[in-house]
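Engineer: quick one, structure for this:
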Amino acid sequence: MLPSAQTKAAVRQLAQDRTAGSGELALQACGILERCDAGRSQSAKGAGETRGQYSELARAVAKAQPSMAAVLNVSNRWLRAVEQGASPAASARRLARELRRAQKAAAMRAARLVADGTTVATYSFSSTVLAALLESRRAGRRFRVLCSESRPRREGCQLAVRLAKAGVPVELFTDVGLFSILAGADIVPDAIIVGCDAILPGCFVNKAGTGALLAAARRFHIPFYVVADSFKFLPKGLSSWFRIRRQNPSEIWRAPQRMPRQNITVRNFYFEKVPLRGCTAVVTETCLRTPNKINALLKRVEIATGLKQPPFSLR
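Structural biologist: Below you'll find the predicted structure:
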């Protein structure tokens, strides 16, 4: 039995989401896997064919967001559990609970970095960073946030609105405007806290421009923290899957019809790989780790999940 039209539509919707954070997308993936209907035909189909259907669905979900490590990890762990005999729906619900707990714990740990009376800068939109800032506000700490609009989708504006509604003073800049403020030393934040979409050996992945923000932080000796729960860790055996895909050029520029398009190439990439070297620490659900200890943590995640490579082909 092929996936239902509803399942296919949900996977397409996941693939088309360009504004949600990595954690939110991974929870969407859990929802799709929970509603997996392949098991309904198990009595009429052979076990091998049913396993193939599960693998097909896991691959489709992972490929829908190839720049999001948490989506790959959810798909991988779900398929491994199902192939070992676990219920598809129960496995997806368990992963969603684990993911929410990891996100909450990482946010709570990151919230401790925000002291009363400080200025914090962030970049783009991260649901975990947002949760950390809101938790700091609920704890009674007063602070202000500098954030960028995050072109071309401007998801940073969503962050600004949600913080403002919670009573947090926000200063919103264009992406380059935020860099200019730091470079001119007009406003020097006490800390920079960013989320990420993947942790790979030696680097992390976040919105394009994060590398420039890290360079500014190093120049002015500003602590720079990356918040990432373990679902965003891609060990070496899994990292070959990862790719940063090119997005729709029209988000950058809708060229007039009379323009000589044959001589203009618009490159629209949302994300970039940023060296971990230079970051103050990576904040996970269990600890703060300096960059030189991340490879050991990646190995620990690999051992804990039992996954050295995807059980399905992503190519």
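
Engineer: okay, CA-based contacts and neighbour counts for the rest of this
Structural biologist: Noted.

Engineer: now the strands for the stretch 201-315 of the chain?
Structural biologist: 203-207, 224-227, 271-275, 281-283, 288-289 (DSSP state E, counting those that start in this stretch).

Engineer: residue 93: neighbour count?
Structural biologist: Residue 93 has 18 neighbours, counted by other C-alpha atoms under 10 Å.

Engineer: mind giving me JSON lines with the strands of the stretch 201-315 of the chain and columns for distance to residue 61 and mean neighbour count?
Structural biologist: Compiled in JSON lines, these are given as follows (distance: least, C-alpha to C-alpha, whole Å; neighbours: other C-alpha atoms under 10 Å):
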{"stretch": "strand 203-207", "distance to residue 61": "20", "mean neighbour count": "23"}
{"stretch": "strand 224-227", "distance to residue 61": "24", "mean neighbour count": "24"}
{"stretch": "strand 271-275", "distance to residue 61": "20", "mean neighbour count": "19"}
{"stretch": "strand 281-283", "distance to residue 61": "27", "mean neighbour count": "24"}
{"stretch": "strand 288-289", "distance to residue 61": "30", "mean neighbour count": "18"}
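
Engineer: okay, these in TSV with distance to residue 122 and mean pLDDT next?
Structural biologist: Shown next, in TSV, are these (distance: least, C-alpha to C-alpha, whole Å; pLDDT from 0 to 100):
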stretch	distance to residue 122	mean pLDDT
strand 203-207	11	94
strand 224-227	10	98
strand 271-275	15	95
strand 281-283	14	97
strand 288-289	18	93
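
Engineer: in JSON lines, list the ones you listed along with distance to residue 116.
Structural biologist: Formatted as JSON lines, those follow (distance: least, C-alpha to C-alpha, whole Å):
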{"stretch": "strand 203-207", "distance to residue 116": "27"}
{"stretch": "strand 224-227", "distance to residue 116": "18"}
{"stretch": "strand 271-275", "distance to residue 116": "29"}
{"stretch": "strand 281-283", "distance to residue 116": "20"}
{"stretch": "strand 288-289", "distance to residue 116": "20"}
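
Engineer: so which of these is nearest residue 80?
Structural biologist: Minimum separation from residue 80 across the strands of the stretch 201-315 of the chain (C-alpha to C-alpha) falls at strand 203-207, 25.5 Å.

Engineer: what angle separates that closest one from strand 271-275?
Structural biologist: 150 degrees (axes from the mean of the first three to the mean of the last three C-alpha atoms, to 10 degrees).

Engineer: name the helices or strands packed onto strand 203-207?
Structural biologist: strand 198-200, strand 271-275 (3 or more C-alpha pairs under 8 Å, 6 or more residues apart in numbering; DSSP states H and E).

Engineer: at 10 Å what do you get?
Structural biologist: Packing partners of strand 203-207 (3 or more C-alpha pairs under 10 Å, 6 or more residues apart in numbering; DSSP states H and E): strand 198-200, helix 210-219, strand 271-275.

Engineer: the lengthiest helix in the chain: which residues count as buried?
Structural biologist: Longest helix in the chain, counting residues (DSSP state H): helix 88-111. For helix 88-111, the neighbour count (16 or more other C-alpha atoms under 10 Å) marks 88-89, 91-93, 95-96, 99-100, 102-111 as buried.
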